[in-house]
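S.K.: can you look at this prediction? I've put the sequence above it.
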Amino acid sequence: MPRKSLVVRLQKAFAPLAAAASASLFLAESASANWIAPEHGGSPNADAVHSLYVILLVVGLIVFFAVEGLLIYVLWRFRASRGHEAKQIHGNTTLEIGWTGGAAVIVVVLAIVSFFKLGEIRNPPNSDASGFTTTTIAKDPGTNQKLPPNGKALHIKVLGFQYGWQFTYDDGDGNPDNDVVAYRDMYVPTNTTVMVSITSRDVIHSWWIPELGGKFDAVNGFQNWTWFKVPADKAGTQFRGQCAELCGRGHANMTASAIAKTPAEFKTWLEDKKTEIDDAKAKAAEARKLVDAGETLK
Ligand SMILES: [Cu+2]
């Protein structure tokens, strides 16, 4: 068999396979999920980011297709043809004032819409009456902190480090030693405004769970505040994210996640975690006593 025909046969055999492989990669749920607009659904601020993005995108697409459509039409309609000579013109004041004024109006309208939406994105609402019991959040001057109208929320302190996240659930008694601490997965109650203060123990990280809102840098020595409020129908959902600031060799493994629970389930989780931590502390104190007494630990 001639060599060329073998190559052609192989190409024919593998072409559909290659096409199917590329299509499956491209159409995979994770590859195509929210590729056109930001993820949302986990919190009102993420929803506001999404709707603002869609408004800007739609206006942008209308302008794009109007301009390009007109350009293509004019190229076709006034193409060179026998027996016709192009008229040489220079400038058209009415037209120029029209498209400059028109563009300015569009920009002003988009700016006004954006400022309205910014309020929804930045200002946390109150928790629902059915939410988890919240405490009054202390004012943190000199930061980007925005408080709910009644000043109450569940405060979770997020500490980024190489390479992971620590979550401290502030119980509001002013003593951080009593607070429940968790790693890797953040458990959160639905229907409750959660205020998150983010900082870092070492280099800069960035805490980002797209469905819960924008990304926020974790910077050593500085508190960056954000918030989210998971709706009731998302109880049981795990929202996934990723450190969004290249922070070293383990950056790729620095995933972030928030698991939503009903306020009652969350209360049980928090109490169980507290008991676990108190037991561990008691055991450590016991061991410390034995060491101090000169005994060898087994
Ligand atoms: Cu990182």
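M.R.: Thanks, I have it.
S.K.: which phi and psi does I72 have?
M.R.: phi -60, psi -40 (degrees, to the nearest 10).
S.K.: okay, it and V58: tell me how far apart.
M.R.: 21 Å (Cβ to Cβ, to the nearest Å). All C-beta spots, glycine's among them, are computed from the backbone N, C-alpha and C.
S.K.: name the nearest residue to N123, sequence neighbours excluded.
M.R.: Sequence neighbours aside, K146 is the residue nearest to N123 in space, at 5.2 Å (criterion: Cβ to Cβ, 6 or more residues apart in numbering).
S.K.: what pLDDT does the one you found get?
M.R.: We have a pLDDT of 92 for K146.
S.K.: S30 too?
M.R.: Per-residue pLDDT puts S30 at 59.
S.K.: same check, this time on W208
M.R.: 91.
S.K.: I figured it hits M254, correct?
M.R.: No: with contact defined as Cβ atoms under 8 Å, W208 does not reach M254; the gap is 10.7 Å.
S.K.: so what sits against both of these two?
M.R.: Residues within reach of W208 and of M254 at once, by Cβ atoms under 8 Å, 6 or more residues apart in numbering, are 242-243.
S.K.: ok, those two, which is more surrounded?
M.R.: M254 (23 against 17; other Cβ atoms under 10 Å).
S.K.: and this protein, which of its residues are near the ion?
M.R.: 205, 243, 247, 251, 254 (Cβ under 5 Å from the ion).
S.K.: and the third one, helix, strand or coil?
M.R.: Going back to what we said before, that points to C247. When classified by DSSP: H, G, I helix; E, B strand; the rest coil, C247 comes out as coil.
S.K.: contact partners for it?
M.R.: With Cβ under 8 Å, 6+ apart, C247 has these contacts: 160, 162-163, 203-205, 254.
S.K.: circling back to that earlier point, which of the residues of the chain next to the ion fall in strands?
M.R.: H205 (DSSP state E).
S.K.: most widely separated two among the residues of the chain next to the ion?
M.R.: Pairwise distances across the residues of the chain next to the ion peak at 8.5 Å for H205 and H251 (criterion: Cβ to Cβ).
S.K.: picking that back up, show me which of the residues of the chain next to the ion is closest to F14.
M.R.: Closest to F14, out of all of the residues of the chain next to the ion and judged by Cβ to Cβ, is H251, at 36.7 Å.
S.K.: surely that closest one meets Y163?
M.R.: Yes: assessed by Cβ under 8 Å, H251 is found in contact with Y163 at 6.7 Å.
S.K.: what residues are shared contacts of these two?
M.R.: With Cβ under 8 Å, 6+ apart as the test, H251 and Y163 both reach C243.
S.K.: give me the pLDDT value at S130.
M.R.: As predicted, S130 sits at a pLDDT of 89.
S.K.: can you map out the helices along the stretch 151-298 of the chain?
M.R.: With helices called from DSSP state H, counting those that start in this stretch, the stretch 151-298 of the chain shows them at 263-292.
S.K.: any regions of it where pLDDT drops low?
M.R.: 297-298 (pLDDT under 70).
S.K.: ditto for the stretch 1-150 of the chain
M.R.: Low-confidence segments of the stretch 1-150 of the chain (pLDDT under 70): 1-4, 26-34.
S.K.: helices of that one, start to end?
M.R.: Taking DSSP H, counting those that start in this stretch to define them, one finds helices in the stretch 1-150 of the chain at 3-27, 29-32, 44-77, 93-122.
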